[in-house]
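1. Build me a model from this:
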Amino acid sequence: MAKVLGINAVFHDPSAAVVVDGHVVSAAEEERFSRRKHGKTPLPFAAWELPEQAARWCLQKAGLKAEDLDAVAYSYDPRLADPHAGDVTADGWEALRNMYASLAPQFLAEMLPGLDPLRVRFVRHHVAHAASAHLAAPFKDSAVLVLDGAGEKTSHLAGLARGGGLEILASQALPHSLGLMYEYVTEHLGFRRSSDEYKVMAMASYGTPRFLGDLRRLIGPTGDGGFHVDHIDWAQYAPGRRSGQPIDQVHFDLAASVQVRLQEVLLSLARWLHSHTLQSNLTMAGGVALNCVANSYLAEQGPFRKIWVQPAAGDAGTALGAALFLATELGDDVKGMSTAALGRSWSESEIRTWLDVASVPYEESRDIAGAVARLLADNHIVAWFQGRSEFGPRALGHRSLLANPTYPENLQRLNNVKGREQFRPVAPMVLENHAAAIFEGPLPSPYMLFTHRVRPEWREKIAASVHVDGTARIQTISSEDEPLVAQMLEKFYGLTGIPVVINTSYNTAGRPMVDDPRDALEAFGSAAIDALAVGPFLVKRNRTL
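-> Below is the predicted model of the structure:
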């Protein structure tokens, strides 16, 4: 029985995970503890920063001390990277990143007293991504596709997973990178790279892909499972934009062009992979796999019968993947991932203590699901804080802001609450047994990783949750997996005839999702939220609600 701690630290979104006897016990991102969005700045000289709080909590949750660990899996192998002949000031200080990564065993031993640095093992970055997909998926065998900005020397992995092992069939050497390409255009459009790529995806629906012809020449598959991304002068298509400046139609058009070309290239890669594996299942990870529009395009146009995407597909998920990979190497029969709720939780007495310390009026409800359903039916915005926090970037009914989808103005209300751009959509959660009648696309969809077309007869009924292109990024809810959320939705359905509620992450712009009760109370106090449901307790902005 192996006890493995996984660590992601080298690029961005530092995180930790613990796997014991092949079971995922805990996984968390450092940002949820430090309250610093993405945990740290994704620069080479930040590679020494480790997920200290997340790692300590993950061990505590597993009932382990550092000396109990059989292995620590670090999701990057500096031995595979180019050291630039030892010049730590060359090429954006990349060699400094590798130097810090190579010292990870010593850094980790300092961070976790009692840890033997010889137990730290480096796991190739894209192998960690791949393991987070194929070893966590609900099926054992699959084709595997990993795409992100960069690993040690590559930006892509295509492989075949069988019986817990992985055969690598293709990879793409840097500097060619679909992930970096998307990061560069994100930065050109005035957003933060390695952070705001989802904003470009949302912008694309407002544009026309009129630059697609040029991008097809500059970005394309090479026929051997890889691709090329040539140098692109983004300024020849749209002027560079700074944060806060107006967004012009040309910016939307550039976003649309990039999104369409990304989808086309992904489809070509998927077809090549299918022809070389003959698998009916595809598992995906890497930051590009968080592009839910592209995922749906692959599901609809591609050759695979089922697609499973790691909920924490970005770099945070490599902590889990590296741990799963080493657990397999140590002989454990790794179990699939049944939930993304792998973070912290609090007992009723602990929550009550937080509320009492905050000196806020609250009431205890014997039916918190019903109480929230009534508030939503009356068109109030409710913060929902229940159970263990989610691992990954999506709020999946544990740290959520909820609203009534039947009022179109609730899109603007929620974007105002969160302090974000008005072109951003919000997502609906739907009872699983009603989903097919309302949405077209891959079902079930429990992790909010695909977009679905909203059936025409439902678009006005749930207008606040429908994007400008008639789609929605849905989360399906089953009573087996999410009993409390399902109860709330059932009661809302009984009151309104609508089995859908808006769900967006419980945070404000530039801040991580809330994680502990204090975070929840601070966010509630600073934003126009009508009520907070935290455990069985209800805090109301106006006591007459």
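2. what's the host helix or strand of Trp57 packed up against?
-> Element membership of Trp57 [criterion: DSSP states H and E] is helix 52-62. Where contact means 3 or more Cβ pairs under 8 Å, 6 or more residues apart in numbering; DSSP states H and E, helix 52-62 is packed against strand 3-8, strand 15-20, strand 23-29, helix 31-34. Placement of C-beta: from N, CA and C, glycine included.
3. how about JSON lines for the ones you listed, with mean pLDDT, mean neighbour count and distance to Gln172 added?
-> Shown next, in JSON lines, are these (pLDDT from 0 to 100; neighbours: other Cβ atoms under 10 Å; distance: least, Cβ to Cβ, whole Å):
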{"stretch": "strand 3-8", "mean pLDDT": "98", "mean neighbour count": "30", "distance to Gln172": "21"}
{"stretch": "strand 15-20", "mean pLDDT": "98", "mean neighbour count": "30", "distance to Gln172": "25"}
{"stretch": "strand 23-29", "mean pLDDT": "98", "mean neighbour count": "25", "distance to Gln172": "27"}
{"stretch": "helix 31-34", "mean pLDDT": "98", "mean neighbour count": "22", "distance to Gln172": "29"}
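4. TSV please, covering those and showing distance to Leu320.
-> Output for these, formatted as TSV (distance: least, Cβ to Cβ, whole Å):
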stretch	distance to Leu320
strand 3-8	6
strand 15-20	4
strand 23-29	5
helix 31-34	15
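5. Among those, which comes closest to Ala383?
-> For the helices and strands packed on helix 52-62, the distance to Ala383 is smallest for helix 31-34, at 16.1 Å, taking Cβ to Cβ.
6. residues making contact with the closest one?
-> 13, 37-39, 53-54, 57, 343-344, 389, 512-513, 515 (Cβ atoms under 8 Å, 6 or more residues apart in numbering).
7. Inside helices: which ones of those?
-> Gln53, Ala54, Trp57 (DSSP state H).
8. From those residues, pick the one nearest Phe227.
-> Distance to Phe227 across those (Cβ to Cβ) is lowest for Ala54, with 33.7 Å.
9. what's around that closest one, how many residues?
-> Applying other Cβ atoms under 10 Å, we find 29 residues neighbouring Ala54.
10. That one contacts Ser26, doesn't it?
-> No. Contact criterion Cβ atoms under 8 Å: Ala54 and Ser26 do not qualify, at 9.0 Å.
11. any common contacting residues for the two?
-> Jointly contacting Ala54 and Ser26 under the rule Cβ under 8 Å, 6+ apart are Ala16.
12. which SSE is Val501 in?
-> For Val501, the host element (DSSP H and E) is strand 500-505.
13. Check which element follows that strand along the chain.
-> Next along from strand 500-505, by DSSP H and E: helix 517-526.
14. before we move on, back to that, could I get the CA-only coordinates of the helix holding Trp57 as PDB?
-> Extracted in PDB, the C-alpha atoms of helix 52-62 (Å, rounded to 0.1, in the frame of the first residue of the first chain):
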ATOM      1  CA  GLU A  52       3.200  24.600   1.400                       C
ATOM      2  CA  GLN A  53      -0.300  25.100   2.900                       C
ATOM      3  CA  ALA A  54      -2.000  22.800   0.400                       C
ATOM      4  CA  ALA A  55       0.600  20.000   0.900                       C
ATOM      5  CA  ARG A  56       0.300  20.200   4.700                       C
ATOM      6  CA  TRP A  57      -3.500  20.100   4.500                       C
ATOM      7  CA  CYS A  58      -3.500  17.200   2.100                       C
ATOM      8  CA  LEU A  59      -1.200  15.200   4.400                       C
ATOM      9  CA  GLN A  60      -3.400  16.100   7.400                       C
ATOM     10  CA  LYS A  61      -6.500  15.000   5.600                       C
ATOM     11  CA  ALA A  62      -4.900  11.600   4.900                       C
END
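15. and it with strand 23-29, angle?
-> Counting by axes from the mean of the first three to the mean of the last three Cα atoms, to 10 degrees, helix 52-62 lies at 160 degrees to strand 23-29.
16. For Asn281, grab phi and psi.
-> Phi and psi for Asn281, reported as degrees, to the nearest 10, are phi -110, psi 140.
17. How many neighbouring residues does it have?
-> 20.
18. Okay, and the beta partners of it?
-> On the basis of DSSP bridges, Asn281 is bridged to Lys306.
19. I'd assumed Pro138 was in contact with it.
-> No. With contact defined as Cβ under 8 Å, Asn281 and Pro138 do not form a contacting pair (9.3 Å).
20. which residues are common contacts for those two?
-> Common contact partners of Asn281 and Pro138 (Cβ under 8 Å, 6+ apart): Trp308.
21. From the centre of this protein outward, give me the first residue you hit.
-> Pro393 (3.4 Å; Cα atoms, centre = their mean).
22. now that residue, what's its secondary structure?
-> Of the three states, Pro393 takes coil under DSSP: H, G, I helix; E, B strand; the rest coil.
23. who touches it in this structure?
-> By Cβ under 8 Å, 6+ apart, Pro393 lies in contact with Leu290, Ala312, Gly314, Ala316, Ser505.
24. okay, the residues you listed in JSON lines with distance to Phe191, secondary structure and pLDDT next?
-> Listed next are those as JSON lines, based on distance: Cβ to Cβ, whole Å; DSSP: H, G, I helix; E, B strand; the rest coil; pLDDT from 0 to 100:
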{"residue": "Leu290", "distance to Phe191": "15", "secondary structure": "helix", "pLDDT": "97"}
{"residue": "Ala312", "distance to Phe191": "21", "secondary structure": "coil", "pLDDT": "98"}
{"residue": "Gly314", "distance to Phe191": "16", "secondary structure": "coil", "pLDDT": "97"}
{"residue": "Ala316", "distance to Phe191": "19", "secondary structure": "coil", "pLDDT": "98"}
{"residue": "Ser505", "distance to Phe191": "17", "secondary structure": "strand", "pLDDT": "97"}
